[in-house]
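In: what follows is a protein structure lacking sequence information:
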């Protein structure tokens, strides 16, 4: 068991043991190690214990015991999160929802699926595919990440420009609050009465409640799909092409950009046929009826050429399409092979500021001596700079973190956000001080207290204390109101 | 004009003296919600104007007092629309009031609701603090989603000062088809169409006729129209606008208007006629005096809820009752934003 022990703790663990079957509780240190971090592996801590309930009643029992003893609870799905949201908090247990993994019902008439939170994102689309339906949000980790985790992070994916985020595709949730009370939020009917708690739960990072069931909206699978790969000799040209496509009234199903380092890494890794000599590539997915696709394809091709696309490749068959996407979806692990470690950032920016942001990142890259590969959800302005470093070289991790913090402050300064889809977790607590004023943070804390007055759900995550922000004394670049000195130079 | 400072001052004073404020746009939606004794008006209409509009970035930022008419005119110039197609219910209707009510129009089941298109807000909470949440970007998970929480809250959590909305290109072509079908068959038909990759953008059923609107690329609309069949409705724009604005014949007269929101594929309910159905079966309207509890019981059985939308005595509750734990939670949320209960108290529920 981790921690100092003591009789209070023993009594707590005894109570948990009494509430759960033998196979649903881990307390020995060697069993706890797999739960010491999530996808952000630099932040590690051992939990007090790990509960692995099989059903809602057992989740409820765990929450009631924790309430009785005043113990914190860190909910966890597949642990693929990238911001330390599922990292154990001091003195808290980890509550894994991984065993609640049943697909409970598919309602074909109302086009919805009722699933437990531990169901994997991709498994849902695979299960309903024979009905001609699918679940739209498709984060890159969809093969592993769970729907409960998607709710916690309000996950997007490469198709969210056209089909929305998790918040747009969940109809209802069954939630347990910190004391184990059951709440039914939302329904299959439109516009639930009262406050929109469904929206509030999305992206709340496990701080407001524990999701035990989700009802998801399913969409008809598009009739036809094709992917266009276009190569550019500069990222600016590629960004201009993106704006031109959208300005022409076309909303592609997906629109992704990769820079030279990301292209090379992905090509070495999956051999998707990306042009290695391009400064940037765009992947543009179109879907619709055959007749519509012909018209759209023609328009997009013309726009790409007008904006200087060097080569254009069109993938119509499923195999080639998937291969082109595979390179993009594997970009993180591919870049991971270029250096011992990488630090993945997740800022959003207005698309028109892309060129200046990338130029500034390149300048800082030289300053810190750390390479950066950029992967960009171009349609929705979500930028993922991947900072390469080696944790075994003294001070490189600190340099990467400092570099990353500056990138996020820059995102705020140009009118964007410190996180598009990975969440704040523990990682971006300091950056939150740059994005929000003390009054705004205080309001967020009051919302938390309305759900969880004792602050026991995922303690210490997502919203920094006012004290922390004051101590940090970081330069506050709030909504671009304060000038960012470097900005004037480009 | 930016009247933020004046509005803030008024809320601060009201907070200091625990005086109730009644947030007022153009008054076009004054019929909606519980009837409450009006407090001191907080006038939003002067706080208007577009702050930032970038058509190629697909967003518009505007002050809450801007009229829908102005907003739509600006979007139309750039060939764009508000995808949730909100009803106006009055020529001077403001965007702030529309979002406070959470109203969406015919496109809602196919394109998304008002809250789905909100990217960020600036608000005054019940202490008169100006706060910003969300932003101008489509993806943003920093902090809780306060922007969307405020949609439909009828001004009881905060005063909307400024909102950023996602906008979309206007569809190239629209086509409305009419088929003669009884209610039960029409509900099944609407849901079968929704399960296919067809460019459906609105649907309605009334008096044995099913109306279906297709929107999108010209070729796609033509192909889908051939597949679906039916008679082409001329003056289709007027039809959908009248439906949206509740000027259609069904809505005439003073009888009370009830709104049922249901799982869309719910069969015809054991309720008195006439009924008008929208949103692929998800929104159904009834006229006349009804037993509220009985109606709510039926709605709940089909996964939904019932609202007294207009008329009758609205001094009692008009919205579907909340379960005790949900009501308690919403009371705590109200307090978290408006500790002295000065913002539109009682408009949504007596207890909020």
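Out: Structure received. Quantities reported herein were computed from a predicted structural model and do not represent experimental measurements.
In: please count neighbours and contacts with C-alpha atoms only from this point.
Out: Will do.
In: break chain B into its domains for me.
Out: Domains of chain B are assigned by automatic domain parsing as B:4-169+B:332-337, B:172-253+B:255-310.
In: rebuild those as JSON lines, extending it with distance to residue A:65.
Out: Output for the domains of chain B, formatted as JSON lines (distance: least, C-alpha to C-alpha, whole Å):
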{"stretch": "domain B:4-169+B:332-337", "distance to residue A:65": "24"}
{"stretch": "domain B:172-253+B:255-310", "distance to residue A:65": "32"}
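In: return the most buried member of these.
Out: With neighbours defined by mean count of other C-alpha atoms under 10 Å in any protein chain shown, none of these is more surrounded on average than domain B:4-169+B:332-337, at a mean of 21.
In: touching, residue B:213 and residue B:201? I think so.
Out: Yes: Residue B:213 lies in contact with residue B:201 (C-alpha atoms under 8 Å); the separation is 5.5 Å.
In: distance from stretch A:201-214 to the middle of the chain?
Out: Distance of stretch A:201-214 from the chain centroid (C-alpha atoms, centre = their mean, to the nearest Å) equals 14 Å.
In: also stretch B:120-137?
Out: Distance of stretch B:120-137 from its chain centroid, counting by C-alpha atoms, centre = their mean, is 20 Å.
In: show me where the stretch 51-200 of chain B has helices.
Out: Using DSSP state H, counting those that start in this stretch, the helices of the stretch 51-200 of chain B run over B:68-77, B:95-101, B:108-111, B:146-150, B:183-194.
In: so which elements touch the third one?
Out: Of the remaining helices and strands, those touching helix B:108-111 by 3 or more C-alpha pairs under 8 Å, 6 or more residues apart in numbering or on different chains; DSSP states H and E are strand B:200-206.
In: tell me which other helices or strands the strand it packs on touches.
Out: Applying 3+ C-alpha pairs under 8 Å, 6+ apart, one finds that strand B:200-206 contacts helix B:108-111, helix B:183-194, strand B:209-216, strand B:275-278.
In: let me have those in a markdown table, extended by mean pLDDT.
Out: Listed next are the helices and strands packed on strand B:200-206 as a markdown table, based on pLDDT from 0 to 100:
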| stretch | mean pLDDT |
| --- | --- |
| helix B:108-111 | 98 |
| helix B:183-194 | 98 |
| strand B:209-216 | 97 |
| strand B:275-278 | 97 |
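In: could I get the ones you listed as JSON lines with distance to residue A:408?
Out: Compiled in JSON lines, the helices and strands packed on strand B:200-206 are given as follows (distance: least, C-alpha to C-alpha, whole Å):
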{"stretch": "helix B:108-111", "distance to residue A:408": "32"}
{"stretch": "helix B:183-194", "distance to residue A:408": "41"}
{"stretch": "strand B:209-216", "distance to residue A:408": "38"}
{"stretch": "strand B:275-278", "distance to residue A:408": "44"}
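In: out of the ones you listed, which is closest to residue B:245?
Out: Closest to residue B:245 of those, according to C-alpha to C-alpha: strand B:275-278, at 12.9 Å.
In: the closest one near chain A at all?
Out: No: remark: strand B:275-278 sits outside contact range of chain A, by C-alpha under 8 Å from any C-alpha of the partner chain, the gap being at least 11.4 Å.
In: neighbours around the residue in the stretch 51-200 of chain A positioned nearest to chain B, how many?
Out: In the stretch 51-200 of chain A, the residue that lies nearest chain B is residue A:189 (4.3 Å; C-alpha to the nearest C-alpha). Residues near residue A:189, counting by other C-alpha atoms under 10 Å in any protein chain shown, number 25.
In: also residue A:439?
Out: Other residues close to residue A:439 by other C-alpha under 10 Å number 14.
In: give me the contacts around the helix or strand hosting it.
Out: Secondary-structure assignment from DSSP states H and E places residue A:439 in helix A:438-451. With contacts defined as C-alpha atoms under 8 Å, 6 or more residues apart in numbering or on different chains, helix A:438-451 is touched by A:177-178, A:207-209, A:455, A:463-466, B:129, B:131-133, B:143-144, B:329, B:332-333, B:336-337.
In: tell me which parts of the stretch 251-352 of chain B are close to chain A?
Out: B:261-265, B:282-283, B:303-305, B:319-322, B:325-326, B:329-330, B:332-333, B:336-337, B:348-349.
In: from these, which land in helices?
Out: Secondary structure defined by DSSP state H assigns B:325, B:326, B:329, B:330, B:332, B:333, B:336, B:337 of those to helices.
In: got those as a markdown table, with pLDDT and distance to residue B:295 columns?
Out: Output for these, formatted as a markdown table (pLDDT from 0 to 100; distance: C-alpha to C-alpha, whole Å):
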| residue | pLDDT | distance to residue B:295 |
| --- | --- | --- |
| B:325 | 97 | 22 |
| B:326 | 98 | 21 |
| B:329 | 98 | 25 |
| B:330 | 98 | 24 |
| B:332 | 98 | 28 |
| B:333 | 98 | 28 |
| B:336 | 98 | 33 |
| B:337 | 98 | 32 |
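In: confirm residue A:430 sits in a helix?
Out: Yes: looking at residue A:430 with DSSP: H, G, I helix; E, B strand; the rest coil, it is inside a helix.
In: just give me the neighbour total for it.
Out: Residue A:430: 20 surrounding residues under other C-alpha under 10 Å.
In: distance-wise, check it relative to chain B.
Out: Counting by C-alpha to the nearest C-alpha, to the nearest Å, the separation of residue A:430 from chain B is 12 Å.
In: report the angle between the helix holding residue A:439 and helix B:324-337.
Out: Counting by axes from the mean of the first three to the mean of the last three C-alpha atoms, to 10 degrees, helix A:438-451 lies at 160 degrees to helix B:324-337.
In: ok now helix A:438-451, how far from the chain's centre?
Out: Centre-to-centre, helix A:438-451 and its host chain are 22 Å apart (C-alpha atoms, centre = their mean).
In: again with stretch A:300-319
Out: The chain centroid and the centroid of stretch A:300-319 are separated by 29 Å under C-alpha atoms, centre = their mean.
In: can you list contacts of that stretch?
Out: Contact with stretch A:300-319 is made by A:225-233, A:237-238, A:240-241, A:244-245, A:321, as judged by C-alpha under 8 Å, 6+ apart.
In: kindly provide the distance from residue A:127 to residue B:254.
Out: Applying C-alpha to C-alpha, to the nearest Å, the value for residue A:127 to residue B:254 is 49 Å.
In: neighbour count winner among these two?
Out: Taking neighbours as other C-alpha under 10 Å, residue A:127 and residue B:254 compare with residue A:127 leading, 15 against 11.
In: next one: phi and psi at that one?
Out: Per-residue torsions, residue A:127: phi -70, psi -30 (degrees, to the nearest 10).
In: confirm the residue of the stretch 51-200 of chain A closest to chain B sits in a strand?
Out: No: using three-state DSSP, the assignment for residue A:189 is coil, not a strand.
In: any idea of the pLDDT on residue A:4?
Out: In this model, residue A:4 is scored at 51, pLDDT.
In: what do you get for residue A:329?
Out: Predicted confidence (pLDDT) at residue A:329: the value is 86.
In: contacts only, for it.
Out: Shown in contact with residue A:329 (C-alpha under 8 Å, 6+ apart): residue A:140.
In: what ranges does the stretch 201-350 of chain A have for its helices?
Out: For the stretch 201-350 of chain A, applying DSSP H, counting those that start in this stretch gives helices covering A:235-247, A:260-270, A:290-306, A:318-329, A:331-336.
In: could I get the average pLDDT for the longest one?
Out: Averaging the model's pLDDT scores along helix A:290-306 yields 94.
In: that one vs helix A:235-247, what angle?
Out: 140 degrees.
In: quick one: low-confidence parts of chain A?
Out: For chain A, the stretches with pLDDT under 70 are A:1-5, A:473-490.
In: repeat the analysis, applying 80 as the threshold.
Out: Counting by pLDDT under 80, chain A shows low-confidence ranges at A:1-6, A:473-490.
In: domain-wise, how is it divided?
Out: If you go by automatic domain parsing, the domain ranges for chain A are A:7-96, A:103-220, A:224-333, A:339-489.
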